[in-house]
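> Coordinates for the following, if possible.
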Amino acid sequence: MARKMKDSGIEWIGEIPEDWEVSKISNVYKLRRTKVDDVQYPPLSVTKQGVVPQLEHVAKTNDTANRKLVKKGDFVINSRSDRRGSCGISNYEGSVSLINTVLEPTKNMHPNYYDWLFNTSLFADEFYKWGNGIVDDLWTTTWDEMKKITIPMPPFKEQEKISDYIDRNVNIIDKVNNNLTQEIQTLEDYKKSLITEAVTKGLDKNVEMKDSGIEWIGEIPKHWEIIKLKNVADTITKGISPNYVEEKLTPVVNQATFSKGYFDYDLKYCNDSIKSEGLLYKNDILLATTGGGVLGKTYYFQEDEEYLASADVAFIRISNPEQSKLVYYFLSTKYDLLNGIFAKGATNQTHLQIDMLANMYIALPNERELKGIIDYLDKIDETIEKSMGLKQKQLSILENYKKSLIYEYVTGKKEVSDA
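All right, here's what the predicted structure looks like:
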């Protein structure tokens, strides 16, 4: 028998079961206002994965005595829009920075049910709709606004049933996701090992070897040459700092365009008149140059249209396309190295040093071997990327299914069976 539904009066929720009520957040949570220091109360971070002991890389304030108390079981949410989705129930007693809202659950609710509700993307949209600010990055939703948001309120027993059901099913989904993620990483590591072997040792297993004299290259075939990158490249430089315009004139490639491993066509544009040395050519090798987890990410540019590189992108131009592809494959395995001795600056503020990159050594085979190596690596890359792509698609399907499952049960669109 179909469940009887009614209009909740809440735009982002839609219909709810007839026996459900609606309520303001202030009826299920109350604000915890206690100020503490992070000596007596260990610092915590509020992330998209929930509340965790303070992460090493986060920016730390000197005002260590002006923090908010968090008790075990409290719900904590970051009030700023640039931290969208950062929230969760704390399993720790500690302290958080003032940009977070700390909430103590009342007795007439099941905390895990509301944790699932508040972790939906639709709630995140609603939460920030109630905020205020000058620009998007500084848009903030305070408790005074948050407490007025209307939410569904199922009977207590049903809150518990929904929470337990989602817990069980999300746990299963996450295990599958973890397995797929590990399989993708294994394929990525395997591809990297094949590339490293080919660009430093060649394809002939019986060739006589010699010490390259370079730590990150090791032994190479005796007849190969060790050469600095600047002696192979025509250009090694960084992009420009354009003035962006609303009109779709010249598209600008920044490091976010390619740092995820694919070319993202959601681009910004600049005025045609500034075309200069920042113009990219087909077969250019692109590198992300600034920190934050992407420095050293590489991309082999194959676009036919005109694009400009922004200042956070370095590009290497080599007139010989096979040498260019070899250098790309070589650099694609050197992410840790590019983030290490080839970068300078504080954590998350590191920058790739172009002069050091220009003096980086690579191993160069002769033209005959070079073509064979590139053909081999192109086939390897295509095969492994295809397999990884299928697994990434499975991950995407599972992630969408998980979001749908959570939303449909926390809003009562689907009912937990008693069986």
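
> so where do the helices sit in the stretch 51-200 of the chain?
111-118, 121-129, 143-146, 156-201 (DSSP state H, counting those that start in this stretch).

> Return the most buried member of those.
Among the helices of the stretch 51-200 of the chain, helix 111-118 has the highest mean neighbour count (mean count of other Cβ atoms under 10 Å), at a mean of 22. The way it works is simple: take the backbone N, C-alpha and C, and place the C-beta from them, glycine included.

> what is the rounded mean pLDDT of that one?
Average pLDDT, helix 111-118: 97.

> Which positions within stretch 325-340 qualify as buried?
By 16 or more other Cβ atoms under 10 Å, the buried positions in stretch 325-340 come out as 325-335, 338-339.

> In three-state terms, label residue 404 for me.
helix (DSSP: H, G, I helix; E, B strand; the rest coil).

> looking at the helices of the stretch 51-200 of the chain, which is closest to residue 245?
helix 121-129 (27.5 Å; Cβ to Cβ).

> and the angle from the closest one to helix 111-118?
Angle of helix 121-129 versus helix 111-118, following axes from the mean of the first three to the mean of the last three Cα atoms, to 10 degrees, is 80 degrees.

> roughly how far apart are the most centrally placed residue in the chain and residue 297?
In the chain, the residue lying closest to the centroid (Cα atoms, centre = their mean) is residue 260, at 7.9 Å. From residue 260 across to residue 297, the span is 8 Å (Cβ to Cβ, to the nearest Å).

> Can you work out which residues contact both of these two?
Common neighbours of residue 260 and residue 297, counting by Cβ atoms under 8 Å, 6 or more residues apart in numbering, are absent.

> what residues are up against residue 344?
350, 351, 353.

> hmm, try it at 6 Å
Contacts for residue 344 (Cβ atoms under 6 Å, 6 or more residues apart in numbering) come out as residue 353.

> Check the one 5 residues further on too.
Shown in contact with residue 349 (Cβ under 6 Å, 6+ apart): residue 291.

> before we move on, what SS does it have?
coil.

> before we move on, what about residue 206?
Residue 206, by the three-state scheme (three-state DSSP), is coil.

> Near it, how many other residues are there?
The number of residues packed near residue 206 is 4, by other Cβ atoms under 10 Å.

> ok, it to residue 265 distance?
Residue 206 is 46 Å from residue 265, by Cβ to Cβ.

> for residue 31, same thing?
Counting by Cβ to Cβ, the gap from residue 31 to residue 265 is 44 Å.

> what do you get for residue 293?
Residue 293 is 22 Å from residue 265, by Cβ to Cβ.

> With residue 171 instead?
Residue 171 is 36 Å from residue 265, by Cβ to Cβ.

> which SS class is the residue nearest to the centre of the chain?
With three-state DSSP as the criterion, residue 260 reads coil.

> more neighbours, residue 293 and residue 265?
Counted by other Cβ under 10 Å, residue 293 and residue 265 do not tie: residue 293 has more neighbours, with 11 against 8.

> Three-state assignment for the more buried one, please.
coil.

> how about residue 219, what does it touch?
Counted by Cβ under 6 Å, 6+ apart, residue 219 has contacts 209, 211.

> Who does it form a beta bridge with?
Beta-bridge partners for residue 219, by DSSP bridges, are residue 211.

> which SSE is residue 30 in?
strand 29-31 (DSSP states H and E).

> mean confidence for the following helix or strand past that strand?
Toward the C-terminus, strand 29-31 is succeeded by strand 35-36 as the next helix or strand (DSSP H and E). Across strand 35-36, pLDDT averages out at 94.

> in its sheet, what does strand 35-36 sit against?
By DSSP bridges, strand 35-36 pairs with strand 67-70 (antiparallel).

> Can you tell me what sits against the strand it pairs with?
Around strand 67-70, the neighbours that count as contacts under Cβ under 6 Å, 6+ apart are 34, 36, 38, 44, 76, 90, 94, 95, 96, 102.
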